[in-house]
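Trainee: Show me the folded form of this:
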Amino acid sequence: MSSDRADRFGEAGLTHVELLPLPVEQRVLVGFPVAMLWLAMATGPGVYAFACGAQGFLTQLLALGLGLSFVAGVAVLSTRSAPKYGLAFAPLCRAAMGARGSSLVLLLRVGLGVLYLAAWAAPSGGWVALLVMAGLGVEAPPMLAGAMGWSAAALLMVVAWVIAARGMARVVR
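Mentor: Numbering: from 1, shown residues only. Sure thing, here's the model as predicted:
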């Protein structure tokens, strides 16, 4: 598939095929690829958490419509380099900022993702704790209902401690 492409851009052993520019005929970002890109961004857990909020139905639809339209616009704008230059965002970022500079962009993307999922995980932490307790056969006392989110985080800390202290084999058994 791309050994001839690698030969055109340098020594085959030193060239990573996935970072090579795409041929011009494959550089398309219309229709189905854009719809799939939007669908992947629009079906995140935060969208569902937002849609289950305490707003009115029409207000939720309007807010979701505006938000998902904004997401679609950002997705298309952030991927304009792919059809124009044949390179995705990550290689262009490395080319523009170097290996260390692109790490800053990666940290920003990871940080935003963590913030996004943390905002979603706050209400869902209670459900995770409730499911874990139900799976263990323990009935949740009513006085702990407010601490369910905290108990999910505490359970994850205990599991992480067990893995660090005794290894993964102890958890798998």
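Trainee: distance of residue 135 from residue 67?
Mentor: 34 Å (Cβ to Cβ, to the nearest Å). Yep, even glycine has a C-beta here, placed from its N, CA and C like the rest.
Trainee: Between those two, which is the more surrounded one?
Mentor: Shown here are residue 135 and residue 67; by other Cβ atoms under 10 Å, residue 67 has more neighbours (14 against 8).
Trainee: quick one: the more buried one and residue 60, what's the gap?
Mentor: 10 Å.
Trainee: Also residue 160?
Mentor: Distance, residue 160 to residue 60, by Cβ to Cβ: 36 Å.
Trainee: quick one, which of these two is more surrounded?
Mentor: residue 60 (15 against 10).
Trainee: got a pLDDT number for the more buried one?
Mentor: On pLDDT, residue 60 comes in at 71.
Trainee: Likewise for residue 159?
Mentor: On pLDDT, residue 159 comes in at 73.
Trainee: What part of the protein, helix or strand, is modelled with the least confidence?
Mentor: Lowest on mean pLDDT, DSSP states H and E among the helices and strands of the chain sits helix 3-8, with a mean of 56.
Trainee: Would you mind giving the secondary structure of residue 138?
Mentor: Following DSSP: H, G, I helix; E, B strand; the rest coil, residue 138 is assigned to coil.
Trainee: What number of residues are in the vicinity of it?
Mentor: That count, for residue 138 with other Cβ under 10 Å as the rule, works out to 9.
Trainee: Can you give me the distance of it to residue 68?
Mentor: Residue 138 is 39 Å from residue 68, by Cβ to Cβ.
Trainee: got it, and residue 161?
Mentor: Distance from residue 161 to residue 68, counting by Cβ to Cβ: 40 Å.
Trainee: what's the answer for residue 58, then?
Mentor: As defined by Cβ to Cβ, residue 58 lies at a distance of 16 Å from residue 68.
Trainee: Mind checking which of these two has more residues around it?
Mentor: Ranked by neighbour count (other Cβ under 10 Å), residue 58 and residue 68 place residue 68 first, with 16 against 8.
Trainee: other SSEs contacting the helix or strand the more buried one falls within?
Mentor: Using DSSP states H and E, residue 68 falls within helix 57-78. Counting contacts by 3 or more Cβ pairs under 8 Å, 6 or more residues apart in numbering; DSSP states H and E, helix 57-78 is packed against helix 32-42, helix 45-51.
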